[in-house]
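Asks: Return a 3D structure for these sequence lines:
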Amino acid sequence: MKDYKNKPHKADEEYQSHRGYYMNENDISRIIIECSIEIHKELGPGLLESVYEKILAYELFKKGLQVEQQKVIAIKYKNISFEQGFRADLIINDKVIVEIKSVKDFESNHFKQLLTYLRLANKRLGLLLNFNKELMKQGIKRIINSKVKEKTLCPLRAL
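Replies: Numbers count the residues shown, from 1 in each chain. This next block holds a predicted model:
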């Protein structure tokens with residue numbers, strides 16, 4: 001899988017700012033949602049999840065975000081590290097996990113899965129995106145991991 005992840009030089013603060021390194025989760029999620037809506041308007045529902053994932057990764061990279069696709073996250077269990085814990089569809093700026101679906105409706109296990117990913121990866125915010133809805137806004141769910149404290153995270157206003 002291609003990672004749209006550029007590693008800047010340590011002293012290149014302007015470049016880091018351009019790649020979105022200093023954005024909080026709300027800023028990042030707003031861009032993800034805007035790109036998802038744009039993609040859905042252009043392509044509509046019904047494609048495979050992998051298609052939406054690749055296009056969303058590309059669009060987010062164009063917007064200046066660091067994007068990792070199908071990122072393998074190791075987990076620790078009783079002080080033992082397992083390298084292949086899970087694969088996150090997208091991790092944006094090392095802050096937001098995005099899980100992409102193309103299903104009729106979300107099921108409870110989709111929410112549980114993303115919350116577990118957030119806890120294991122020690123991330124605060126996840127977005128569950130279902131591209132198989134008539135309107136994209138019907139297929140967007142924000143999941144917050146309350147075990148990670150972050151002052152900057154607040155409910156996102158309607159777009």
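Asks: and the gap between I80 and I73?
Replies: 15 Å (Cβ to Cβ, to the nearest Å). No exception for glycine: its C-beta is placed from N, CA and C like everyone else's.
Asks: Give me the buried stretch members for stretch 68-78, please.
Replies: Residues of stretch 68-78 classed as buried by neighbour count (16 or more other Cβ atoms under 10 Å): 68-69, 71, 73, 75.
Asks: out of those, which one sits closest to L43?
Replies: Q69 (18.1 Å; Cβ to Cβ).
Asks: Which elements pack onto the host helix or strand of the closest one?
Replies: Assigned by DSSP states H and E, Q69 belongs to strand 67-77. Strand 67-77 is packed against helix 49-62, strand 80-92, helix 108-121, with contacts defined by 3 or more Cβ pairs under 8 Å, 6 or more residues apart in numbering; DSSP states H and E.
Asks: Now do the shortest one against helix 108-121, angle only.
Replies: What it means is strand 80-92. 110 degrees (axes from the mean of the first three to the mean of the last three Cα atoms, to 10 degrees).
Asks: so who does D89 touch?
Replies: 49, 53, 69-70, 97-100 (Cβ atoms under 8 Å, 6 or more residues apart in numbering).
Asks: Quick one: buried ones out of those residues?
Replies: Judged by 16+ other Cβ under 10 Å, buried ones among those: 49, 53, 69, 97-100.
Asks: from those, which two are the most distant?
Replies: Among those, E49 and I97 lie farthest apart (Cβ to Cβ), at 14.8 Å.
Asks: Buried by neighbour count: which residues of the longest helix anywhere in the chain qualify?
Replies: Longest helix in the chain, counting residues (DSSP state H): helix 25-43. By neighbour count on 16+ other Cβ under 10 Å, the buried set for helix 25-43 is 25-29, 31-33, 35-37, 39-40.
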